[in-house]
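*Asks:* Okay, here's the prediction I keep looking at, along with the sequence it came from:
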Amino acid sequence: MSENGSITTGVSNRKRDGYRECDDPESADSPNGIDHYPPETVTWRDRVAHFTWPWFACTMSTGALAVVLGQTPNTFTGLQTIGKIFFILAIVLFVAFTAIIITRFILVPQKFLASLHHPVESLFFGSYWVTISLLLNCIQLYGVPNTGPWLVKALEILFWMYVAAVLIVGIGQYYVLFQLERLKVNNAMPAWYVHRWISHHESRSENTRLFISSSSSSLYFPAPLFVLFLSSVCLP
Amino acid sequence: MNENLTLYRRIFPIYPLLVIGPLAGTIIPSQPHTAAVPIWLAGVMLQGMGWCVALMMYAIYTQRLMVSALPDPSTRPGMYVSVGPAGYTAAALISLGRQAPAVFERKQFFGITSLLVEDVIKVLGIMAGLFLLLFSFWFFCVSTVSVIAGAKQMSFTLNWWAFVFPNAGMTLATIQAGGALSSAGINGLCSALTVALVIMWFFTAIAHILAVRKGQVMWPGKDEDKTMNGIRWGAHAA
């Protein structure tokens, strides 16, 4: 993968190859070990690898604007059309961004879990779901008046599916956040690494891979219970 | 990492729950009675859950603002994120309250027969929503002043989209308040807010496109994922 990655080549780049910041716990405060500055030239492939969750703040804003335009008072002819344009734009952007972020995770698969555990990027995972909610709003505002009763039933089902999904997200995200906070505090203490080292008897790289994936297995553990609870209470 | 940069974003993971109430309020009018009641109840309960979590995050956020400096000017538009929870919650409370009479028509509640419970719920919802509305406006003003103070040193970050979506929540709440109070003045304010949102959307969209062209975002080492543990971002990182 790295051979196709960039136009720039050179000794320093070759030196970088195979380097993992996590291989060296002592330099944890320098984000990339050797690369302290962004490179001058990159390819689109490199750029797609840095398509982050905060991009969905864009679809979220477009969807929110379409919802506001659909509900705002003092309407005039054409306002509904402007709203529909933003609704369609929100759908197009949402589909496109979803495709790009999937490409990112195909290019760098380890970024999928890492992006959900990253102290900043993971927080924006919620904006993906808010976009879905706003699109459902728009379907009601712009779609239901122009279609049959099947859409009303579909919206009811989608509402409950959305509720179940965001309960998992809302609980899982804060669980990860609380866990990350603890890791961050411990991160500042070299003793933590020593402790890990001794207790797991693992090599350096395995030790730090553990650091990345330690929370993934237990990540969404409590969530299915809540979904079961909710569905038993609310659904007829 | 500067601790300041992340604090308002901690409200973010609860956002998907905070928009359930407005979503319920929008879809209920078309739903048949048997479907509308559970959606209404879920809307209120989940909005309450989201709001309580958001309120605790508000406490941490304001506490950090008290003891340390404002965020970096470029990420300062992200402070608008704090406008959203109160705005969307106020919109949900007023909207769900206004629909209570239709949803709970001729239904007996808690064995009460001396008064119309659905009307009491309506009044409660509208009052609670109005009570919260200016709380989001307060955060809006604080964020606006902070953004203006740092406007000259600002460069595009994805946080700029917070110019639109949280303020859209506040606008939705204002729209609901205008409808509940049947006030032409508030409705005029809603129109002005809507126009402002459209302008801010275009402003942010243009800034976003320019930033992508100039390589200020979506570039190795410039995005949120540059500090990702164990994943390099330099040349050859992809």
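*Replies:* Okay, I see it.
*Asks:* can you map out the helices along chain A?
*Replies:* Taking DSSP state H to define them, one finds helices in chain A at A:11-16, A:44-48, A:56-71, A:79-107, A:110-117, A:125-138, A:149-187, A:190-200, A:204-213, A:223-234.
*Asks:* next one: chain B
*Replies:* Counting by DSSP H, the helices of chain B are B:15-18, B:20-27, B:33-67, B:83-103, B:117-149, B:165-181, B:184-214.
*Asks:* With distance to A:Gln140 and mean pLDDT as new columns, can those helices be given to me in TSV?
*Replies:* Yep, even glycine has a C-beta here, placed from its N, CA and C like the rest. Converted to TSV, the helices of chain B look like this (distance: least, CB to CB, whole Å; pLDDT from 0 to 100):
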stretch	distance to A:Gln140	mean pLDDT
helix B:15-18	17	94
helix B:20-27	5	97
helix B:33-67	12	93
helix B:83-103	12	96
helix B:117-149	20	95
helix B:165-181	14	97
helix B:184-214	19	96
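*Asks:* Adding mean neighbour count and distance to chain A as columns, could you present the ones you listed in a markdown table?
*Replies:* Converted to a markdown table, the helices of chain B look like this (neighbours: other CB atoms under 10 Å in any protein chain shown; distance: least, CB to the nearest CB, whole Å):
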| stretch | mean neighbour count | distance to chain A |
| --- | --- | --- |
| helix B:15-18 | 28 | 4 |
| helix B:20-27 | 27 | 5 |
| helix B:33-67 | 17 | 5 |
| helix B:83-103 | 26 | 9 |
| helix B:117-149 | 17 | 14 |
| helix B:165-181 | 26 | 4 |
| helix B:184-214 | 16 | 4 |
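*Asks:* and these as JSON lines, adding distance to A:Trp55?
*Replies:* Output for the helices of chain B, formatted as JSON lines (distance: least, CB to CB, whole Å):
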{"stretch": "helix B:15-18", "distance to A:Trp55": "15"}
{"stretch": "helix B:20-27", "distance to A:Trp55": "22"}
{"stretch": "helix B:33-67", "distance to A:Trp55": "23"}
{"stretch": "helix B:83-103", "distance to A:Trp55": "18"}
{"stretch": "helix B:117-149", "distance to A:Trp55": "21"}
{"stretch": "helix B:165-181", "distance to A:Trp55": "13"}
{"stretch": "helix B:184-214", "distance to A:Trp55": "9"}
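*Asks:* Of those, which is nearest A:Gly83?
*Replies:* helix B:184-214 (10.2 Å; CB to CB).
*Asks:* What residue, apart from its backbone neighbours, is nearest residue 53 spatially?
*Replies:* No chain was given, so I picked chain A. Nearest residue to A:Trp53, sequence neighbours excluded (CB to CB, 6 or more residues apart in numbering or on different chains): A:Phe124, at 4.0 Å.
*Asks:* please go with chain B instead
*Replies:* Spatially, and ignoring its direct neighbours in sequence, B:Val53 is nearest to B:Ile14 (4.6 Å; CB to CB, 6+ apart).
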